[in-house]
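Novice: Next input, structure requested:
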Amino acid sequence: MNELIEKLRQPDFPVLFNFNNLKNLKINNNFKKLFEESINNKWINKIYKDLYTLSYDYCKSYVSLEVIAQMIVPESYISSAYVLSINNWIPERVYFITSIAKNIDMDIDTNEYMSYSYTKLYKNYISYGITEKENECGKYKIAKPLRALCDYILKRNDDCSCFEYFTDYMRIDFDKFEKLTCNDFDELQGKFNIKKIENMLENIRKELKL
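Specialist: Sure thing, here's the model as predicted:
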């Protein structure tokens, strides 16, 4: 372990960083040599392009996959199948993070740090039903479950005209819907201007008598 790694392990240095972050450190003239040594010895792991973190042996905190998703494409939010899975709305386990982006469609495999899928789903960006969370690695935007369901249905272009589609085909337990409130629907209805999604929200709300 060299001087650079010792600096990166300090509490005030971010868990996820880019090369410009390193320039703020007070390192001697061998800075580039220390960086190359750290990469070659795998003390620093390159996640994607100009995004790095310390290896598991030296990292002072866990590495948040959600924050990585946000840092790769800042103008995006985590949604769709991944959100439905981590909230136990669907029984399937999702092994990649799905995000909705403003102006990009791409899939990224970082090997050690999971795979990421970005989709430009909307012509005009819709910010409703999205919340911001923060952990030791940083901040990230993520859809609430009902918003994630809207994104999921629109992305798949499925026929969800019957409520049984959700309970029988998607196998969403009815008690998940019962936890929704009027505010959840008020936040989203009338915002999409997409007939399929607006009808879906109206049908679910009628089924729940909200």
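
Novice: And N45, which helix or strand is it part of?
Specialist: Element membership of N45, judged by DSSP states H and E, is strand 44-48.

Novice: Parallel or antiparallel, list what pairs with that strand.
Specialist: strand 51-54 (antiparallel) (DSSP bridges).

Novice: Doesn't N199 belong to a strand?
Specialist: No: under DSSP: H, G, I helix; E, B strand; the rest coil, N199 falls outside any strand and is assigned helix.

Novice: Where do the helices of this protein begin and end?
Specialist: For the chain, the helices defined by DSSP state H occupy 3-8, 19-23, 31-40, 65-72, 80-86, 145-156, 164, 174-178, 182-188, 195-208.

Novice: among these, where is the model least confident on average?
Specialist: Lowest mean pLDDT within the helices of the chain: helix 19-23, a mean of 84.

Novice: Show me the contact partners of that one.
Specialist: Outside of helix 19-23, the residues within contact range by CB atoms under 8 Å, 6 or more residues apart in numbering are 4, 8, 13-14, 31, 35, 50, 52. Placement of C-beta: from N, CA and C, glycine included.

Novice: Buried members of the residues you listed into PyMOL, please.
Specialist: Entered in PyMOL, the line below selects the buried ones among the contacts of helix 19-23, by 16 or more other CB atoms under 10 Å:
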select buried, resi 4+8+35+52
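
Novice: from the contacts of helix 19-23, which two are the most distant?
Specialist: Among the contacts of helix 19-23, the pair separated by the greatest distance (CB to CB) is P14 and F31, at 17.9 Å.

Novice: In the chain, which residue is most central in space?
Specialist: For the chain, the residue nearest the mean C-alpha position is I78 (3.2 Å; CA atoms, centre = their mean).

Novice: can you count the residues close to the nearest residue to it once chain neighbours are set aside?
Specialist: Leaving aside its chain neighbours, I78 sits nearest to I142 (4.4 Å; criterion: CB to CB, 6 or more residues apart in numbering). Neighbour count for I142, taken as other CB atoms under 10 Å: 21.

Novice: Next one: I142 relative to E66, how far apart?
Specialist: In this view, I142 and E66 are 7 Å apart by CB to CB, to the nearest Å.

Novice: same check, this time on E134
Specialist: E134 sits 10 Å away from E66, going by CB to CB.

Novice: list residues touching both of the two?
Specialist: Contact criterion CB under 8 Å, 6+ apart; residues bridging E134 and E66 by contacting each: Y140.

Novice: Between the two, tell me which one has more neighbours.
Specialist: The residue with more neighbours, out of E134 and E66, is E66; 21 against 10, by other CB under 10 Å.

Novice: domains of this protein?
Specialist: 3-54, 65-208 (automatic domain parsing).

Novice: most packed of the ones you listed?
Specialist: domain 65-208 (a mean of 17; mean count of other CB atoms under 10 Å).

Novice: sorry, back to before: pretty sure the residue nearest to the centre of the chain is touching I97, no?
Specialist: Yes: I78 is in contact with I97 according to CB atoms under 8 Å; the separation is 5.9 Å.
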